[in-house]
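>>> After the sequence you'll find the predicted model.
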Amino acid sequence: GHINHSLFWKNLAPANANGGVLREGPLKEAIVSTFGSVDDFKTAFNTTTAGIQGSGWGWLGLNPSSKRLEIVTTANQDPLLTHVPIIGVDIWEHAFYLQYLNVKAEYLKAIWHVINFEEAERRYLEAINGSKL
């Protein structure tokens with residue numbers, strides 16, 4: 001769980017620190033190329049992640065073989081080992097229950113307002129360039 005949460009905290013930023021802002025650049029281009037649009041990506045991510053039964057994580061990861069972005073999930077506190085994590089979203093009940101009760105879909109819609117896309121793009125660039133994260 002420590003690995004996942006360490007990534008998660010870095011992938012969050014308040015609105016006054018550009019949380020939720022995905023600027024033009026390599027990450028946005030890759031998302032649009034892979035998913036059709038940023039909105040289509042968010043819909044696919046939220047649908048996949050909302051389907052987790054119980055606890056787990058939703059990930060936007062870079063497949064190291066194909067160098068393409070993919071949406072994957074992991075159960076419980078399992079770290080993402082098959083892909084390079086770009087964005088991770090905690091779907092454990094403790095992440096959303098106090099504010100969203102048991103409505104995961106509302107939490108997943110709201111999370112995009114605080115995603116630190118600058119950090120995500122940094123991770124993406126390091127991953128496609130073969131740097132160690």
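Received it, and whenever you're ready, just let me know what you need.
>>> Could you tell me how far stretch 68-75 lies from the centre of the chain?
9 Å (C-alpha atoms, centre = their mean, to the nearest Å).
>>> Using CSV, write out every CA atom in that stretch.
The C-alpha coordinates for stretch 68-75 follow below in CSV (Å, rounded to 0.1, in the frame of the first residue of the first chain):
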residue,chain,number,x,y,z
ARG,A,68,1.1,2.7,-25.3
LEU,A,69,-1.1,4.0,-22.5
GLU,A,70,-3.6,1.5,-21.1
ILE,A,71,-6.2,1.5,-18.3
VAL,A,72,-5.6,-1.3,-15.8
THR,A,73,-6.7,-2.2,-12.3
THR,A,74,-5.2,-3.9,-9.4
ALA,A,75,-6.9,-5.6,-6.4
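>>> Report the mean per-residue pLDDT for it.
Mean pLDDT, stretch 68-75: 96.
>>> Contacts for it, please.
Under the contact criterion C-beta atoms under 8 Å, 6 or more residues apart in numbering, stretch 68-75 has outside partners 4, 30-31, 34-35, 44-45, 48-49, 51-52, 54-63, 80, 82-83, 86, 124. C-beta coordinates here come from the backbone N, C-alpha and C atoms, glycine included.
>>> Filter the residues you listed down to the buried ones and express that as a ChimeraX selection.
Command for ChimeraX that selects the buried part of the contacts of stretch 68-75, burial taken from 16 or more other C-beta atoms under 10 Å:
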select :4,30,31,35,45,48,49,52,56,57,58,59,60,61,62,80,83,86,124
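>>> Please list the members of the contacts of stretch 68-75 that lie in strands.
With strands taken from DSSP state E, the overlap with the contacts of stretch 68-75 comprises 56-62, 86.
>>> And the helices in the chain?
Taking DSSP state H to define them, one finds helices in the chain at 2-10, 26-35, 38-50, 93-100, 104-111, 117-128.
>>> For the fifth one, list the C-alpha coordinates in CSV.
Below are the C-alpha coordinates for helix 104-111, written out as CSV (Å, rounded to 0.1, in the frame of the first residue of the first chain):
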residue,chain,number,x,y,z
LYS,A,104,-17.9,5.5,-6.4
ALA,A,105,-19.0,7.0,-9.7
GLU,A,106,-19.3,10.5,-8.1
TYR,A,107,-15.9,10.2,-6.5
LEU,A,108,-14.4,9.1,-9.9
LYS,A,109,-16.0,12.1,-11.6
ALA,A,110,-14.7,14.5,-9.0
ILE,A,111,-11.1,13.1,-8.9
